[in-house]
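J.: Here is a sequence with its predicted model. Questions after.
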Amino acid sequence: MSYVEKNLIPGETVVYKTRLHWIALLRPILLGLLFGLPGLGMLVRSMATIGDKSGMPNWVFALGFIFLILSAICVGVGLVRRNATEMAVTDKRVIIKVGVVSRKTFELLLSKVESIGVNESLWGRMMGYGTVVVRGTGGTPEPFDKVAHPFEFRKQVEQQIEKSQERLR
């Protein structure tokens, strides 16, 4: 069960959920390749010379294995970071949770949302990600980077604010 589902107020329903865009995995994958390709090369080279008398030293095999482990750690950390970020709009609140071990949560009643903005770079526009900036009344802006479908997130927040104001009338 996700953080959002565990922390719903009685009678509250989730309207929209999103998470980090896959582009957030680009750096961990590139780091993984940076370590993984040389590590794989070292392993293959040392395995190919097992029967030779002029074989590669054992430390090359060990170093290749260590590089592969570092590669897996880089990609694994990126996946955990992406999957540990939850962003949801409910019929009463905006809920954002980032992190696993140390956690940062941002929960704001729809009636307290002063503004919600989206910043997109050229690549963000083409790929479908951006930075969502949520500002509560009297609060500082809270930016959240690499959000998938940021304009849809903003649209859902605005629709729920409108619906909640109609209910009050």
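T.: The structure has been received and is ready for your questions. The shown structure was predicted, so the numbers you read here are calculated from the model rather than taken from an experiment.

J.: When you work out contacts or count neighbours from here on, use the C-alpha atoms and nothing else.
T.: Will do.

J.: where does the protein have low pLDDT?
T.: Within the chain, the ranges that satisfy pLDDT under 70 run 50-56.

J.: Let me see the domain layout of it.
T.: Domain segmentation of the chain under automatic domain parsing yields 3-20+85-168, 26-81.

J.: so how far is the shortest one off the chain centroid?
T.: Here domain 26-81 shows a centroid-to-chain-centroid distance of 26 Å under the convention CA atoms, centre = their mean, to the nearest Å.

J.: End to end on it, go ahead and measure it.
T.: Across domain 26-81, the terminal residues are separated by 12 Å (CA to CA, to the nearest Å).

J.: can you list the domains of the chain in CSV and add mean neighbour count?
T.: Compiled in CSV, those are given as follows (neighbours: other CA atoms under 10 Å):
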stretch, mean neighbour count
domain 3-20+85-168, 16
domain 26-81, 16
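
J.: Skipping its backbone neighbours, what lies nearest the spatially most central residue of the chain in space?
T.: Central residue of the chain (CA atoms, centre = their mean): residue 82, 2.9 Å from the mean position. Spatial nearest neighbour of residue 82, chain neighbours left out: residue 20 (5.8 Å); criterion: CA to CA, 6 or more residues apart in numbering.

J.: quick one: the one you found and residue 146 touch, right?
T.: Yes. Here residue 20 reaches residue 146: they are 5.6 Å apart, a contact under CA atoms under 8 Å.

J.: So which elements touch the helix or strand hosting the residue nearest to the centre of the chain?
T.: Per DSSP states H and E: residue 82 is located in helix 58-83. Applying 3 or more CA pairs under 8 Å, 6 or more residues apart in numbering; DSSP states H and E, one finds that helix 58-83 contacts helix 26-48.

J.: Mind giving me the packing neighbours of the helix it packs on?
T.: helix 58-83.

J.: Any idea how far the helix it packs on is from the middle of the chain?
T.: So, by CA atoms, centre = their mean, the centroid of helix 58-83 is 20 Å from its chain's centroid.

J.: got the angle for it vs helix 26-48?
T.: 160 degrees (axes from the mean of the first three to the mean of the last three CA atoms, to 10 degrees).
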